[in-house]
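**Q** Got a predicted structure here, sequence first:
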Amino acid sequence: NAYPERLIGFMSVHPHDPRALGEIERCTEDLNLRGIKMGANYQIFEPLESRALAVYREAERRGLPILFHIGTSPVQMAPIRYAHPLVIDEVAMRYPDLKIIMAHMGHPWTVDTAVVVRKHRNVYADVSGLCYRPWTFYEAMLKATEWNVLDKLLFASDYPITTPAETLEGLRTVNKVVEGTNLPRVPLDKMEAIIHRDSLTLLGLN
């Protein structure tokens, strides 16, 4: 509320909480929050169980995008299979009007993320937390290039693990790791497009 021109608030709910749908209503109508952040592996819920589907259904009805943690985790008790990109394929088939962002481009399964993003018109991925692994980052951007989904990648930094400035630098120097080789290059104009993309309009948050 102090900086409405700079900040857009997201809520988080747990599907196992019997008050989850009521909390979505409170956060939307009383707190003016505009989206939901979920991580089935960290929250430890089966992402396709009925209680989770009820949350996705309500988000779709209210026009709330969901940002999912997708990808690996070093946390021992966080089930990795709950955060695989192919889970989002199942969610998006059930709720085609739900806007979904897959965080971290689902690393290390970035090609799986690319094909899911390509398949579903309302599914996007962000580039957060990738640039500090230069080869992984290059490979992910190359896969997105080959699958023609660079226009569905959103800028994000995963701050404080990676800063916005570091992410900007990573996008602009993505090909540095293959200098002096015959390996294909990621188009730098497309990297600039990620930086300048109007992600808020894509997500219905403008």
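**A** Right, received. Where do you want to start?
**Q** ok, and for the helix or strand of the chain at the bottom of the mean pLDDT ranking, which residues are buried?
**A** Using mean pLDDT, DSSP states H and E, helix 199-202 stands out as the lowest-scoring helix or strand of the chain, at a mean of 94. Buried residues in helix 199-202, counting neighbours by 16 or more other Cβ atoms under 10 Å, are found at 199, 202. For every residue, glycine as well, the C-beta is placed using N, CA and C.
**Q** Would you enumerate the residues in contact with residue 78?
**A** Counting by Cβ atoms under 8 Å, 6 or more residues apart in numbering, residue 78 makes contact with 41-42, 44.
**Q** Name the nearest of the residues you listed relative to residue 30.
**A** Comparing these against residue 30 with Cβ to Cβ places residue 42 closest, at 25.8 Å.
**Q** how near is the closest one to residue 73?
**A** According to Cβ to Cβ, to the nearest Å, residue 42 stands 7 Å off from residue 73.
**Q** what do you get for residue 123?
**A** 21 Å.
**Q** Which one's more surrounded, these two?
**A** Neighbours per residue (other Cβ atoms under 10 Å) separate residue 123 from residue 73, with residue 123 holding more: 24 against 16.
**Q** Residues in a beta bridge with the more buried one, which ones?
**A** Beta bridges link residue 123 to residue 100 when assigned by DSSP bridges.
**Q** Give me the distance between it and residue 157.
**A** Noted for residue 123: a distance of 21 Å to residue 157, by Cβ to Cβ.
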